[in-house]
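> Here is a sequence together with a model predicted from it:
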Amino acid sequence: MNDILGMTVEELEAFFKEIEEPRYRAEQLAQWIYGKRMRSFDEMTNFSKKLKQKLKEHSYIYTLKLRTSQLSKDGTKKFLFALEDGELIETVLIKHQKEADEIRNTLCISTQVGCQMACSFCATGQSGFERNLTVSEIVAQITHVQRIEKLKINNIVFMGMGEPFLNYDNVIKAVKIINEKKFLNIGIRRITISTCGLVPEIKKLADEQLDVVLAVSLHSADNEKRSAIMPINKKYPLEKLKEAIAYYIEKTNRRISLEYAMIKGFNDRPEDLRKLLSFCGGLMVHVNIIPINETEQGFKKSEKAAHFAASLKKKNIEASIRQEKGSDIDAACGQLKGKGR
Ligand code: SAH
């Protein structure tokens, strides 16, 4: 069976050719699914009964099952979806204030059920790993939320459950579908992939010429400290990470975002700032300071975020403090468990 939501535009056209239907029908189908947000062939009123039947015989439109949703005081909404095999994932909708006369709806999507990376401050990693998501399970998070919330998503962050680069091929294919003009039509610079720092994949993406925004979770510029909270640092220590980041910037001529979650008494001391400044030296980066979200591990928020941001700016390194959203419903960074408490 052909999984329509997992197809690129070329694949969809090839599929229509295979079932001996004209190419414009593929475009109409895309219009129904992505434009008009339909999820069954029966809703497609300009398709004949015969065509609908044919499509049903050869293909399907993947649908997630919404288990629950929770609304935060700040308007952020978290969705708990069940997959066909019963596994659960979470997706977060963040509505921003009108910016320059434009409403920005960001969707934070998951790429895996659970996560293998085991970062000590992140709840997702604590509950283990089940499997990678398929392309359509990734894409369906967007189509589903657009349909039920009746809004257009115009920003995507791959910052939900999982490490996107451990599901590299599916993530890249999903990005193409999300960006495709005839499909979801979300600008490539409005799609961000966040990684905990998988060096080979950072280089691979650099060679891909895809132009998405890349974010790297740094959190400490000291090898010992970074290894203590992010086991991946033992495999790809800071020197290697910096080299990969430099390679990415050189290849793409694009700025990278570095995420730095500030933990009281751990990575917020003067020597941590010195090391962070030195790590950023010579790199075209934007440092995104995130006040750590308190999970069960007992990490506390640092009050030094503004000081760090100001010090970075003084050295001409772009920096901002991320406005945390949805922490009252465990929808903020590092709080997704896929359990729907
Ligand atoms: N695996 C990817 C993407 C998912 S996490 C990655 O590591 O980048 C998205 C962001 O939230 C990452 O920067 C992650 O380090 C951060 N994060 C995780 N737990 C957090 C917490 N408790 N508080 C603040 N940010 C957290």
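It's in.
> what kind of secondary structure is N293 in?
Following DSSP: H, G, I helix; E, B strand; the rest coil, N293 is assigned to coil.
> what's the burial count for it?
Neighbour count of N293, defined by other Cβ atoms under 10 Å: 20. C-beta here means a position set from N, CA and C on the backbone, and glycine is covered the same way.
> now it: how far from G125?
In this view, N293 and G125 are 14 Å apart by Cβ to Cβ, to the nearest Å.
> E303 now?
According to Cβ to Cβ, E303 stands 26 Å off from G125.
> Who has more neighbours out of those two?
Set E303 next to G125 and count neighbours by other Cβ under 10 Å: G125 wins out with 23 against 11.
> Could you list every helix and strand that the helix or strand hosting A310 packs against?
Using DSSP states H and E, A310 sits in helix 305-314. Packing partners of helix 305-314 (3 or more Cβ pairs under 8 Å, 6 or more residues apart in numbering; DSSP states H and E): strand 256-262, helix 270-280, strand 285-291, strand 318-321.
> Give me every residue in the stretch 1-150 of the chain lying close to the ligand.
C119, F121, C122 (Cβ under 6 Å from any ligand atom).
> circling back: and of the helices and strands packed on helix 305-314, who's closest to the ligand?
Taking Cβ to the nearest ligand atom, strand 256-262 is the member of these nearest to the ligand, at 3.7 Å.
> quick one: the strands in the stretch 1-150 of the chain?
Taking DSSP state E, counting those that start in this stretch, the strands of the stretch 1-150 of the chain run over residues 2-3, 59-60, 65-71, 77-82, 88-95, 105-108, 112-114, 129-132.
> can you redo these as a markdown table with mean neighbour count and mean pLDDT?
Shown next, in a markdown table, are the strands of the stretch 1-150 of the chain (neighbours: other Cβ atoms under 10 Å; pLDDT from 0 to 100):
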| stretch | mean neighbour count | mean pLDDT |
| --- | --- | --- |
| strand 2-3 | 16 | 96 |
| strand 59-60 | 16 | 98 |
| strand 65-71 | 15 | 97 |
| strand 77-82 | 21 | 98 |
| strand 88-95 | 24 | 96 |
| strand 105-108 | 22 | 97 |
| strand 112-114 | 24 | 97 |
| strand 129-132 | 17 | 97 |
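> Export these as CSV, with columns for distance to K337.
Output for the strands of the stretch 1-150 of the chain, formatted as CSV (distance: least, Cβ to Cβ, whole Å):
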stretch, distance to K337
strand 2-3, 27
strand 59-60, 29
strand 65-71, 13
strand 77-82, 10
strand 88-95, 7
strand 105-108, 14
strand 112-114, 9
strand 129-132, 13
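> Tell me which of those sits nearest to Q28.
Closest to Q28 of these, according to Cβ to Cβ: strand 59-60, at 14.3 Å.
> so what secondary structure elements neighbour the closest one?
Applying 3+ Cβ pairs under 8 Å, 6+ apart, one finds that strand 59-60 contacts strand 2-3.
> let's see 7 Å
The criterion is 3 or more Cβ pairs under 7 Å, 6 or more residues apart in numbering; DSSP states H and E, and there are no helices or strands that strand 59-60 contacts.
> For the closest residue to the ligand within the chain, which non-adjacent residue is spatially closest?
Across the chain, the shortest distance to the ligand (Cβ to the nearest ligand atom) belongs to G334, at 1.8 Å. Excluding the flanking residues, the one nearest G334 by Cβ to Cβ, 6 or more residues apart in numbering is C122, at 4.1 Å.
> Can you report phi and psi for that neighbour?
In terms of degrees, to the nearest 10, the main-chain angles of C122 are phi -110, psi 130.
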